[in-house]
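>>> how does the following fold in three dimensions:
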Amino acid sequence: IPEQIMITSPEPGDPVSGTVDITGTASIPNFGFYKYEVALMGSQNWATISAGRDPKINTSLGPWNTTSLTNGEYFLRLVITDNVGVSLEPCVIAVRVVNE
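You can find the predicted model right below:
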């Protein structure tokens, strides 16, 4: 959802390595918290990378250290939960981990 739930960096399809700064927007009415997660493409096993309790608008959501992941295609998603515990539809992008 533009201006509410979006990842602006990395962009879909981007190669990522090392520690990556995840940027975007996590700001909805009745905001509770956000988290960003990763899953190997084709898997539904989401691992939480980090979370935050403050709304963010077009800024850093936090770092993602990719060095423990094997190289390959992954989904990165941003999930926002409102202040009564309801999660909105997440923003999901595909990225390629390419560590040395």
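
>>> contacts, neighbours, all on C-alpha from now
Will do.

>>> distance from stretch 62-69 to the middle of the chain?
Put simply, stretch 62-69 sits 11 Å off its chain's centre (C-alpha atoms, centre = their mean, to the nearest Å).

>>> residues of it that come out buried?
Residues of stretch 62-69 classed as buried by neighbour count (16 or more other C-alpha atoms under 10 Å): 62, 64, 66.

>>> again with stretch 67-85
71, 73-82.

>>> among the residues you listed, which one sits closest to Pro15?
Nearest to Pro15 among the buried residues of stretch 67-85 is Glu73, at 9.1 Å by C-alpha to C-alpha.

>>> which residues touch that closest one?
By C-alpha atoms under 8 Å, 6 or more residues apart in numbering, the contact set of Glu73 is 40-41, 94-97.

>>> what sits against the closest residue in space to it that isn't next to it in sequence?
Leaving aside its chain neighbours, Glu73 sits nearest to Arg96 (4.5 Å; criterion: C-alpha to C-alpha, 6 or more residues apart in numbering). By C-alpha under 8 Å, 6+ apart, the contact set of Arg96 is 13-16, 71-74.

>>> now the strands: where do they sit in the protein?
Ranges of strands in the chain, per DSSP state E, are 5-9, 15-16, 19-26, 31-40, 47-52, 56-65, 72-82, 91-97.

>>> can I get those in TSV including mean pLDDT?
Shown next, in TSV, are those (pLDDT from 0 to 100):
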stretch	mean pLDDT
strand 5-9	96
strand 15-16	98
strand 19-26	97
strand 31-40	98
strand 47-52	97
strand 56-65	97
strand 72-82	98
strand 91-97	98
